[in-house]
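Asks: Could you work out the structure for the sequence below:
(chains A and B)
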Amino acid sequence: MSREDIKKRIEEWEAGPVAKTLSKNPERKDPFVSTSGNEFKRAFTELDLDQETLFEETGLPGQYPFTRGVQPTMYRGRFWTMRQYAGFGTAEQTNERYKYLLGQGQTGLSVAFDLPTQIGYDSDHELAEGEVGKVGVAIDSLRDMEILFDGIPLDKVSTSMTINSPAAVLLSMYMAVAEKQGVSKDKLRGTIQNDLLKEYIARGTYIFPPEPSLKVITDIMAYCKENVPSWNTISISGYHIREAGSSAVQEVAFTLANGISYVQAAVDAGLDVDEFAGRLSFFFNCHNNLLEEVAKFRAARRMWAKIMKDRFKAKSPRSMMLRFHTQTAGCSLTAQQPDNNVVRVTIQALAAVLGGTNSLHTNSRDEALCLPTEDSVRIALRTQQVIAHESGVADTIDPLAGSYAVEALTDQIEEKSFDYIQKIEDLGGVVRAIEAGYIQKEIADSAYQYQRAIESTDQVVVGVNKFTVEEEPPKNLLRVNPEVEEFQRNKTKNVRAERDGAACEEALAKLKRTAVDGGNVMEPIFEAVKTYATLGEICDTLRDVYGEYTEAG
Amino acid sequence: MSKKIRVLIAKPGLDGHDRGAKVVARALRDAGMEVIYTGIRQTPENIVTTAIQEDVDVVGLSCLSGAHNVLFPKVAKGIKERGRPDTLLFGGGIIPLEDIPALKESGFAEIFLPGTDTNDVVAFVKDRVG
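Replies: Numbers count the residues shown, from 1 in each chain, chains lettered A, B, ... in the order given. Take a look at the predicted model:
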């Protein structure tokens, strides 16, 4: 049937049966538009796709532009990595949780650090008061890291660490633990988040201003290329941008814009694009709108491939592959009727798998209330296992490809996201756009609109603004023992007392000289860590040289 | 013409999650109040000083990191000690129900939890201050 004939048929359908039904029963909304501004048509058809370019734009799995996935066999060969973000209290407690998760069939580790660790303060710093061990594990020195991975062979697991400003320090500690285990650096597999731009935009655990931050990131890339070749040196994260309230389109646009900045910084520092781009990884959120989320992942992969090929002239296909981790949307969890969150997480996890995620964290039902209990974490992990082993969606690659709706949404997201990236370029790039408050404001506006939509019940949240019930207060919540803080402080005091103080001071002095001279700080940080210099001492040394970032007022 | 209600929304501690704080600040502003938002990573001392300098009627604190039991009472104590015990204090975030009585004891009039309608926050402030 020709496009003209199809068009005619659609017009007749709209004028006939559709109009007749609408005259009796109007639709629930007019129009149906997602929070990203994507229009959901009554029924997408062949006319919404460009048949001329469809194959070129989707291609085959493992081939440019990677719309359908980065590997030729995807989950038919191996499922995505099931990687639950975990950490709380002391290294001793968290080590136990890791051993439990590995015993339950989890295939990779993901370390949550507490806020003082993430911001480069030791547990006995005054600003750490009340925060030690709360949102993750407290790590002050190599001693803590040795305990955290005790009995876990580092050549057998891959480890993701959610660490940004002090990423060089935590990676160094990990390498030092490996050295003690007799594992060489080239055997280490894992990821450091190391994405500072989104810290200024949405997450807040910055230490240094943008310029030295980008310099340290580039140092890490250069060091790992030589010494830790299988390590993912950055995880460019849309997750927190989405949690802060962005739409799906903004999540893709701002994340890829950040990615462009990192690649440009490394190229400007003299690195060859194909030597480091293959070690870049990404991290996305997955919210409830299943079709839009699937389209988002597909669009992001295609966009990154085009950016790397056309803009940065990458030659290696590996450099063009957007490999990503997904976490289901924490902000979608409700404190009301928390068991319903299991269903939300299932939909989101399914979308991530249909979108071709390379690894996945599923949130636990109780996370709007507290840190997850062991029971809740098990259900979350089981959700992934049911999708993998029972649902059948992993048996054919990119199963929604060719769906009129999903392909049309993929195109819409790509177009809107490239428009946003252009706007940011027009403002002078990401750093300028952050300094001007543009990106933060765009996100805050979306967050406020979403809240308004909930309050007007345009957006129904089951159990919150509709289908509510009187509830008993939740029971059996996990609490971090307040004694953790004192225990941790004492441990770190002992480390300081027992170490070779002179060697430690010498290592820190060397780090300072290197930072002042503009040299690569990775090696001196690695040496300092091995003398049991603490995270806080190392970060203070760099604060003295680089200064500290403060939010624009 | 009645004087506009002045509100300080603040983020004590190291927690960077300020979506809720910003949404509440904007809702109060839309309801006709003058709202100052401190930004993230403020010490309790900073917050107290800002509250006094800005001569606010209301201070709202947000914390999602679990440090509320340490940080919230410090702000309450500081404001009392600086001679402004009539300041209306409220809080919000991921706060276990069992922690709420002690926070109220320390001077907080209300603690809002996830899923709160901003209209309820506006009504609460207007009722107590307006």
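
Asks: nearest spatial neighbour of whatever residue of chain A ends up closest to chain B, skipping sequence neighbours?
Replies: Nearest residue of chain A to chain B, counting by Cβ to the nearest Cβ: A:Gly204, 2.1 Å away. Bear in mind the C-beta positions are built from the backbone N, C-alpha and C, glycine included. Leaving aside its chain neighbours, A:Gly204 sits nearest to B:Gly16 (2.1 Å; criterion: Cβ to Cβ, 6 or more residues apart in numbering or on different chains).

Asks: For chain B, just list every one of the helices.
Replies: With helices called from DSSP state H, chain B shows them at B:19-30, B:44-53, B:68-81, B:100-105, B:118-129.

Asks: re earlier: quick one, what contacts the residue of chain A closest to chain B?
Replies: B:15-18, B:40-41 (Cβ atoms under 8 Å, 6 or more residues apart in numbering or on different chains).

Asks: Now do it, the pLDDT please.
Replies: Looking at A:Gly204, its pLDDT is 96.

Asks: where's it relative to A:Arg42, distance?
Replies: Remark: distance between A:Gly204 and A:Arg42 (Cβ to Cβ, to the nearest Å) = 42 Å.

Asks: Kindly report the same for A:Val377.
Replies: Here the criterion is Cβ to Cβ. By it, A:Val377 lies 41 Å from A:Arg42.

Asks: Tell me which of these two has more neighbours.
Replies: Using other Cβ atoms under 10 Å in any protein chain shown as the criterion, A:Val377 and A:Arg42 rank with A:Val377 on top: 26 against 13.

Asks: Report the residue spans of chain A with pLDDT below the cut-off.
Replies: Scanning chain A for pLDDT under 70 picks out A:552-553.

Asks: Which residue lies closest in space to B:Ser65, excluding its sequence neighbours?
Replies: Closest residue to B:Ser65 apart from its sequence neighbours, by Cβ to Cβ, 6+ apart: B:Asp15 at 3.7 Å.

Asks: which residues touch that neighbour?
Replies: Residues in contact with B:Asp15 (Cβ under 8 Å, 6+ apart) are A:115, A:131, A:135, A:204, B:40-41, B:63-65, B:67.

Asks: got a list of contacts for the helix or strand where A:Ile241 lies?
Replies: Under the criterion of DSSP states H and E, A:Ile241 resides in helix A:239-243. Helix A:239-243 is contacted from outside by A:198, A:201-203, A:248, A:250-251, A:254-255, A:283-285, A:287, A:327, A:329-331, A:443, B:17, B:19, using Cβ under 8 Å, 6+ apart.

Asks: So for the helix or strand following that helix, what gets flagged as buried?
Replies: The helix or strand immediately downstream of helix A:239-243 is helix A:248-268, counting by DSSP H and E. Using 16 or more other Cβ atoms under 10 Å in any protein chain shown as the test for burial, helix A:248-268 gives A:248-267.

Asks: Ok, stretch B:47-64 next?
Replies: B:47-48, B:50-52, B:56-64.

Asks: Dump the residues you listed to JSON lines, plus distance to chain A and pLDDT.
Replies: Shown next, in JSON lines, are the buried residues of stretch B:47-64 (distance: Cβ to the nearest Cβ, whole Å; pLDDT from 0 to 100):
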{"residue": "B:Ile47", "distance to chain A": "14", "pLDDT": "98"}
{"residue": "B:Val48", "distance to chain A": "16", "pLDDT": "98"}
{"residue": "B:Thr50", "distance to chain A": "12", "pLDDT": "98"}
{"residue": "B:Ala51", "distance to chain A": "17", "pLDDT": "98"}
{"residue": "B:Ile52", "distance to chain A": "18", "pLDDT": "97"}
{"residue": "B:Val56", "distance to chain A": "17", "pLDDT": "98"}
{"residue": "B:Asp57", "distance to chain A": "22", "pLDDT": "98"}
{"residue": "B:Val58", "distance to chain A": "20", "pLDDT": "98"}
{"residue": "B:Val59", "distance to chain A": "18", "pLDDT": "98"}
{"residue": "B:Gly60", "distance to chain A": "15", "pLDDT": "98"}
{"residue": "B:Leu61", "distance to chain A": "13", "pLDDT": "98"}
{"residue": "B:Ser62", "distance to chain A": "12", "pLDDT": "98"}
{"residue": "B:Cys63", "distance to chain A": "9", "pLDDT": "97"}
{"residue": "B:Leu64", "distance to chain A": "8", "pLDDT": "95"}
